[in-house]
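Undergrad: From the sequence below, what's the structure:
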Amino acid sequence: MGAVHHDLAGEPTFEPMIQIDMEIRNFVSAWRHCDYVSTYVARMISQTRSDSVRHSNLFSSAFNELLEVAFRTRHGDGELACRVSRHGATDRIELTFPCVAEERQFYKEAVSQVAGLEARERYVSSVSGDIAPSREIVLLELAVDYNATLRVEEADGDAIKLVVDLPLEGFEH
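TA: Purely as a prediction, here's the structure:
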């Protein structure tokens, strides 16, 4: 077994696997871009997993949901950056995209509420309603259904970075 490497903050080191950058204007020009990007990235990073087809399907579904959150941005300029890294059984998605100040505040508040026991209760009550899925429900779904951990980091300019850790290898659902 190899040694586990940690960064200066004591967090395990995630090794970069793939990064895709595109103009947000091009990305939001067609809904199908969410599916294209998520499917491509999932296939690329799942090759070395014990069940590559299963991993690819799970990753693609989770990543597609996250991309749909970025697709709904109200900010029309800037870049969408998708970076996937890995540490052991966990894949990390870092999704940086432009958004207006109100959206950045929304994401900070929503991500702060997706951890803990209330998240499952809030998710169940939200999906049992008759309303269309919101960005908050998508974030709750990632936390509850995929056992993801989420956080928000500052990004340059009018952008936000969502960091999602997906422990999919060996995931039982």
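Undergrad: What helix or strand is T96 located in?
TA: Counting by DSSP states H and E, the element that carries T96 is strand 90-98.
Undergrad: Same check on E109?
TA: E109 belongs to helix 101-112, assigned by DSSP H and E.
Undergrad: Contacts for stretch 100-109 next, please.
TA: Residues outside stretch 100-109 that contact it (CB atoms under 8 Å, 6 or more residues apart in numbering) are 73-75, 99, 135-136, 152, 158, 160, 162. Where you see a C-beta, it was placed from the backbone N, CA and C, and this is true even at glycine.
Undergrad: any idea which of the residues you listed has the most stuff around it?
TA: Most neighbours among the contacts of stretch 100-109, by other CB atoms under 10 Å: I160, with 25 neighbours.
Undergrad: and the angle from the strand or helix carrying it to helix 101-112?
TA: Element membership of I160 [criterion: DSSP H and E] is strand 159-166. Here strand 159-166 runs at an angle of 20 degrees relative to helix 101-112 (axes from the mean of the first three to the mean of the last three CA atoms, to 10 degrees).
Undergrad: Which neighbouring elements make contact with strand 159-166?
TA: helix 52-71, strand 90-98, helix 101-112, strand 149-154 (3 or more CB pairs under 8 Å, 6 or more residues apart in numbering; DSSP states H and E).
Undergrad: now, of the ones you listed, which is deepest in the fold?
TA: Most buried of the helices and strands packed on strand 159-166, by mean neighbour count (mean count of other CB atoms under 10 Å): strand 90-98, with a mean of 22.
Undergrad: Beta-bridge partners for A81, please?
TA: D21, T96 (DSSP bridges).
Undergrad: Alpha carbons of the helix holding E109, as CSV, please.
TA: Taking C-alpha atoms only, helix 101-112 is exported to CSV below (Å, rounded to 0.1, in the frame of the first residue of the first chain):
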residue,chain,number,x,y,z
ALA,A,101,-24.1,38.0,-6.4
GLU,A,102,-27.5,36.7,-5.4
GLU,A,103,-26.8,33.3,-6.8
ARG,A,104,-23.4,33.1,-5.1
GLN,A,105,-25.2,33.9,-1.8
PHE,A,106,-27.9,31.3,-2.6
TYR,A,107,-25.2,28.6,-3.2
LYS,A,108,-23.4,29.4,0.0
GLU,A,109,-26.6,29.1,2.1
ALA,A,110,-27.8,26.0,0.2
VAL,A,111,-24.5,24.1,0.6
SER,A,112,-24.4,25.0,4.3
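Undergrad: average pLDDT across it?
TA: The average pLDDT for helix 101-112 rounds to 88.
Undergrad: got it, and stretch 52-66?
TA: On average, the pLDDT along stretch 52-66 is 94.
Undergrad: Identify the residues contacting that stretch?
TA: So stretch 52-66 is contacted by 34-35, 37-39, 41-43, 45-46, 49, 91, 93, 95, 138, 141-142, 146, 148, 162, 164, 166, 168-169, 171, 173 (CB under 8 Å, 6+ apart).
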